[in-house]
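Engineer: my questions concern the predicted model and sequence given below.
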There are 2 protein chains.
Amino acid sequence: MAIKRAKTMEDIARLANVSKPTVSRALRNSPLVTEETRRHVLDVATKHGYVINRNAQKLRESRTNTIAVVLDFSSHRENRISDPFIFNLLAGVSEALGQRDQDLLLCSPAHSSVESLGSITTSRGADGIIFLGEGGRRDDLVALAERAVPFVVWGAVEKALPYCAVGSDNFQGGFLAAKHLLDQGRSRFLFIGDTHHAEINLRRQGFIKALSEELGSRAATLMVSDMSLDDFSYSASHRAATEMVEGPGPVPDAIFAASDTAAMAVISAFRAAGLSVPEDVSVVGYNDIPASEHFHPPLTSVRQDVHVAGALLVEKLMLAIEGRSPQSTMLETRLIVRASS
Amino acid sequence: MAIKRAKTMEDIARLANVSKPTVSRALRNSPLVTEETRRHVLDVATKHGYVINRNAQKLRESRTNTIAVVLDFSSHRENRISDPFIFNLLAGVSEALGQRDQDLLLCSPAHSSVESLGSITTSRGADGIIFLGEGGRRDDLVALAERAVPFVVWGAVEKALPYCAVGSDNFQGGFLAAKHLLDQGRSRFLFIGDTHHAEINLRRQGFIKALSEELGSRAATLMVSDMSLDDFSYSASHRAATEMVEGPGPVPDAIFAASDTAAMAVISAFRAAGLSVPEDVSVVGYNDIPASEHFHPPLTSVRQDVHVAGALLVEKLMLAIEGRSPQSTMLETRLIVRASS
DNA sequence: TTGAAAGCGCTAACAC
DNA sequence: GTGTTAGCGCTTTCAA
């Protein structure tokens, strides 16, 4: 087979006996072209399998209609941070972008400094950026906000943020979890999660807040501790929980884990050590992943409505690209109570 | 703030008192430029925060250094088909592409017919395509293979495939599962999975193969049935399993589910109905997701080594783009035996 | 309503 | 080694 050069707009113009600009107009449904010629041009174009060269188009136009999505795989894969949850978020974003006919450029922050992330837009690779999770890079994002680069962030939503963020109400989530555990009459609390992540730190703050409100009434009987790990994968959490149970320290009777995955790991470790859930210890997770409902015992969890989040992120980013300043949004969280607590 | 036009190569050339091509050469570390001028140009460029316009570059060069990755979110999200497993695959691909300095364009097939998928390359949006899962679109892929579009597929690997595929040995996986279940002395077998997907159909074939080999020795005692659902999410599987147990038909004593998620759902439903796993029924899943190890009871599962798969897919696609014809590769599967069987 | 000309920012070919 | 020229495929003036 001979090497076929892809057809250009010029080719189509020649084949249709019109000029290049007319083809361009016809393809973009410009009102400046007769219905008749439009049809004709479109016929010729489809017949010859013509597709427009996106790069030439992007070069010429000011917008690329491409959005960069930054997702830190290295901390999510193998469930290191959390749950398949973030995947649903990506799916939501993908769908919302598809509806607006925007391409999705997926980037790993590992290979890209903030510098180069910012330059994704200046290099015309994309019109804007969506960060799916701020990870431990708050400072970088703040720096980026000064650079007139349109971006939005899924993560912690706080008052003084210099950029637009969408996230669930992490503080409320932690607060609800603590309230619920208090209601079960628990007194030795354990928080599990990587507080270097602002989102997770907020969950912990909400958790602590609810506990300290209670502190007045029965101060001496409350105990709070943290389990800090480099890595909150199933296996690492499981290992740490096993060590805790077998260790000399007091064993908690109420656990709030910042991810369902970690919660399940801990339950599993505790049960293996002969403790019962929820008899000996109540456990609350986060994200309400599908498996939680049918875990043994079914897991109480904080649910964030991620279904709308993707669409919201895209919507706000589009505003930002148009030069407006979209507001941050905090999504409600809800405690789904099941047998584990 | 005044509107700042991004600096072009021409600007940098002027600022550095050299010509445009010299800047271009300096940036690309061409040997055709003095070390001295190179340094000088690079200095000026970084000082002014210059970044090359990727679109202009792509337009000019024949290659875009962008790879389209097609992932059917609609069937994966909310765990409809399977496990977070596919997410790890995406991570692997992302990493491998990053190492080769290739951009990743994420596409949903939902919004794109095969026609338009093929045109991703002709429209110069990407140099090639990686399909993560063939879904039910085998025919489309076969059609695409005739179109001289470089692409590779994660999915079923079969002899007569007109394209390059990488996948685990699904047949072997099913075979191993059946063998193992037979070893447990089981006789009423149930397969769970969407056989419209070629990968999953192969698992079933391997499963059936092992059973029919046994058939000679104790024909009359073997029973095989299928559970077909539109959707193999946790909840749908759970519901179907519950109906099965409560229904009039015979209840299986050995189950092979094409995903761990479905396996867990079924176990949960059976247990809720008063059956014991593995006493009354043995269950084997697929993918060996992290949660499987600590499920109650720990889940026997077929593990596919997905760690290398991403890198392999990328490597083969690069060959395809260079005009070579990479071979398909089948990855070993291994049965991880745990308490559920 | 359509066409001719110019130019987006870059690199390859060729001259010096 | 470096500069000059040309052109990738498209859209946007502007003129007809």
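Structural biologist: The structure has been received and is ready for your questions. Residues are numbered from 1 along each chain as shown, chains lettered A, B, ... in the order given.
Engineer: so A:A56 makes contact with B:R60?
Structural biologist: No - with contacts counted by C-beta atoms under 8 Å, A:A56 stays clear of B:R60, the gap being 10.2 Å. All C-beta spots, glycine's among them, are computed from the backbone N, C-alpha and C.
Engineer: who has more neighbours, the two?
Structural biologist: Neighbour comparison, A:A56 and B:R60: the larger count goes to A:A56, with 17 against 10 (by other C-beta atoms under 10 Å in any protein chain shown).
Engineer: how near is the more buried one to B:V281?
Structural biologist: 61 Å (C-beta to C-beta, to the nearest Å).
Engineer: show me how far stretch A:13-29 is from its chain's centre.
Structural biologist: 42 Å (C-alpha atoms, centre = their mean, to the nearest Å).
Engineer: start and end of that stretch, how far apart?
Structural biologist: One end of stretch A:13-29 sits 16 Å from the other (C-alpha to C-alpha, to the nearest Å).
Engineer: need the longest helix for chain A.
Structural biologist: Longest helix in chain A, counting residues (DSSP state H): helix A:198-218.
Engineer: mind listing what the next helix-or-strand element following it pairs with, with the direction of each?
Structural biologist: Following helix A:198-218 in sequence order, the next helix or strand is strand A:223-227 (DSSP states H and E). Sheet pairing of strand A:223-227 (DSSP bridges) gives strand A:188-192 (parallel).
Engineer: tell me the mean pLDDT over the strand it pairs with?
Structural biologist: Across strand A:188-192, pLDDT averages out at 91.
Engineer: interface residues of chain A facing DNA strand C?
Structural biologist: Contact residues (C-beta under 7 Å from any atom of the strand) of chain A with DNA strand C: A:17-22, A:25, A:32-34, A:36-37, A:56, A:59-60.
Engineer: please indicate which of those residues are buried?
Structural biologist: The neighbour count (16 or more other C-beta atoms under 10 Å in any protein chain shown) marks A:V18, A:T22, A:R25, A:V33, A:T37, A:A56, A:L59 as buried among the residues of chain A next to DNA strand C.
Engineer: and those residues as JSON lines, adding pLDDT, secondary structure and distance to A:R338?
Structural biologist: As requested, these are exported to JSON lines (pLDDT from 0 to 100; DSSP: H, G, I helix; E, B strand; the rest coil; distance: C-beta to C-beta, whole Å):
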{"residue": "A:V18", "pLDDT": "93", "secondary structure": "coil", "distance to A:R338": "66"}
{"residue": "A:T22", "pLDDT": "94", "secondary structure": "helix", "distance to A:R338": "64"}
{"residue": "A:R25", "pLDDT": "93", "secondary structure": "helix", "distance to A:R338": "60"}
{"residue": "A:V33", "pLDDT": "89", "secondary structure": "coil", "distance to A:R338": "61"}
{"residue": "A:T37", "pLDDT": "92", "secondary structure": "helix", "distance to A:R338": "64"}
{"residue": "A:A56", "pLDDT": "93", "secondary structure": "helix", "distance to A:R338": "56"}
{"residue": "A:L59", "pLDDT": "92", "secondary structure": "helix", "distance to A:R338": "55"}
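Engineer: ranges for the helices of the stretch 201-341 of chain A?
Structural biologist: Secondary structure of the stretch 201-341 of chain A (DSSP state H, counting those that start in this stretch): helices at A:234-246, A:260-272, A:309-321.
Engineer: and stretch A:96-103, is it in reach of DNA strand D?
Structural biologist: No - contact between stretch A:96-103 and DNA strand D is absent, the nearest approach being 13.2 Å (criterion: C-beta under 7 Å from any atom of the strand).
Engineer: is any part of that stretch close to chain B?
Structural biologist: Yes - contact of stretch A:96-103 with chain B (C-beta under 8 Å from any C-beta of the partner chain) involves A:G98, A:Q99, A:D103.
Engineer: pretty sure A:S237 contacts A:D260?
Structural biologist: No - A:S237 is not in contact with A:D260 according to C-beta under 8 Å; the separation is 10.9 Å.
Engineer: widest-spaced pair of the buried ones among the residues of chain A next to DNA strand C?
Structural biologist: By the measure C-beta to C-beta, A:T37 and A:L59 form the most distant pair in these, at 26.2 Å.
Engineer: end to end, how far does stretch A:271-281 reach?
Structural biologist: 10 Å.
Engineer: can you tell me how far A:A56 is from B:A56?
Structural biologist: 10 Å.
Engineer: A:S292 now?
Structural biologist: Noted for A:S292: a distance of 49 Å to B:A56, by C-beta to C-beta.
Engineer: can you give the distance of the helix or strand harbouring A:E95 from its chain's centre?
Structural biologist: Applying DSSP H and E as the criterion places A:E95 in helix A:85-99. Distance, stretch centre to chain centre, for helix A:85-99: 9 Å (C-alpha atoms, centre = their mean).
Engineer: chain center to the helix or strand following it: distance?
Structural biologist: Using DSSP H and E, the helix or strand that follows helix A:85-99 towards the C-terminus is strand A:103-107. Centroid separation between strand A:103-107 and its chain, computed with C-alpha atoms, centre = their mean, is 14 Å.
Engineer: strand A:103-107 vs helix A:85-99, what angle?
Structural biologist: Put simply, strand A:103-107 runs at 150 degrees to helix A:85-99, going by axes from the mean of the first three to the mean of the last three C-alpha atoms, to 10 degrees.
Engineer: can you list the strands that strand A:103-107 pairs with?
Structural biologist: Here strand A:103-107 has these sheet partners by DSSP bridges: strand A:66-71 (parallel), strand B:103-107 (antiparallel).
Engineer: check which residues of stretch A:176-196 are buried.
Structural biologist: The neighbour-count check on stretch A:176-196 (16+ other C-beta under 10 Å) flags A:176-182, A:186-195 as buried.
Engineer: same question for stretch A:155-172.
Structural biologist: Residues of stretch A:155-172 classed as buried: A:155-157, A:161, A:163-172 (neighbour count, 16+ other C-beta under 10 Å).
Engineer: quick one: average pLDDT of that stretch?
Structural biologist: In this model, stretch A:155-172 has an average pLDDT of 92.
Engineer: how about stretch A:310-320, does it reach chain B?
Structural biologist: No - shown here: stretch A:310-320 not in contact with chain B (C-beta under 8 Å from any C-beta), separated by at least 10.1 Å.
Engineer: what about the residue lying closest to A:A241 once chain neighbours are set aside, how many residues close to it?
Structural biologist: The shortest distance from A:A241 to any non-neighbouring residue, by C-beta to C-beta, 6 or more residues apart in numbering or on different chains, is to A:A269 (3.6 Å). Neighbour count of A:A269, defined by other C-beta under 10 Å: 21.
Engineer: gap between A:A269 and DNA strand D?
Structural biologist: According to C-beta to the nearest atom of the strand, to the nearest Å, A:A269 and DNA strand D sit 59 Å apart.
Engineer: give me the low-pLDDT residue ranges for the stretch 151-300 of chain A?
Structural biologist: For the stretch 151-300 of chain A, applying pLDDT under 70 flags the ranges A:216-223, A:230.
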